[in-house]
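# starting from these lines, generate the structure:
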Amino acid sequence: MKKYINKRIYTDVESYLVTEIDEVKGTAMAVEVEKRIKPKMIPGGFAAHCPDLQREFAEAEPVIRKGAKAFPIKRNKDGIWGFKHEVVALALPVAGMTEEWLESKKNDPNAEIKGAYIYLYETTKTGKRKTTFEKLGTLSDTCGYFYDYNF
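Below you'll find the predicted structure:
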């Protein structure tokens, strides 16, 4: 049986398919999934209204989101699954920076240029990059993916 993690974000729900679960170590791999529907839009309200949206999403089959890659997750002591990541303080477009400033950041261990952006990371008092545990949720037998078109 497939296992999912459903992360509620206000009215929307992001879903992750969980694979390669090691219950003893509390580790697994997860990949983001979605349900693709063509909602019926009725003019009214702010822009339109989508009746039976919950039913349409409930009946749709989950598919792996385009471009999604599997990533490792861990279970914390409270039974919540998630992952650790570094805390980004600021992301700036490289195009708007002077050449001298960019050169000064190339040797900075807390700055990283990725594509068109430079990322500056928050640091601890000792100078290491701060990390945080991003909570995804608990395991479920059903995919609860939902995107609220009614806004």
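# pairing partners for the worst-scoring helix or strand of the chain on mean pLDDT, with directions?
The helix or strand of the chain with the poorest confidence is strand 48-49; it has a mean of 76 (mean pLDDT, DSSP states H and E). Next to strand 48-49 in the sheet, as set by DSSP bridges, lie strand 42-43 (antiparallel).
# from the chain's centre, how far out does the least confident helix or strand of the chain sit?
27 Å (C-alpha atoms, centre = their mean, to the nearest Å).
# cool, and stretch 13-22?
With C-alpha atoms, centre = their mean, you get 12 Å for stretch 13-22.
# if we go by neighbour counts, what in it is buried?
Going by neighbour count (16 or more other C-beta atoms under 10 Å), the buried part of stretch 13-22 is 13-18, 21. (Glycine included, C-beta is placed from N, CA and C.)
# and the lengthiest strand in the chain, what does it pack onto?
Using DSSP state E, we find that the single longest strand of the chain is strand 12-22. Applying 3 or more C-beta pairs under 8 Å, 6 or more residues apart in numbering; DSSP states H and E, one finds that strand 12-22 makes contact with strand 3-9, strand 27-35, strand 62-64.
# any stretches of the protein with poor pLDDT?
45-46, 151 (pLDDT under 70).
# nice, that's everything, thank you.
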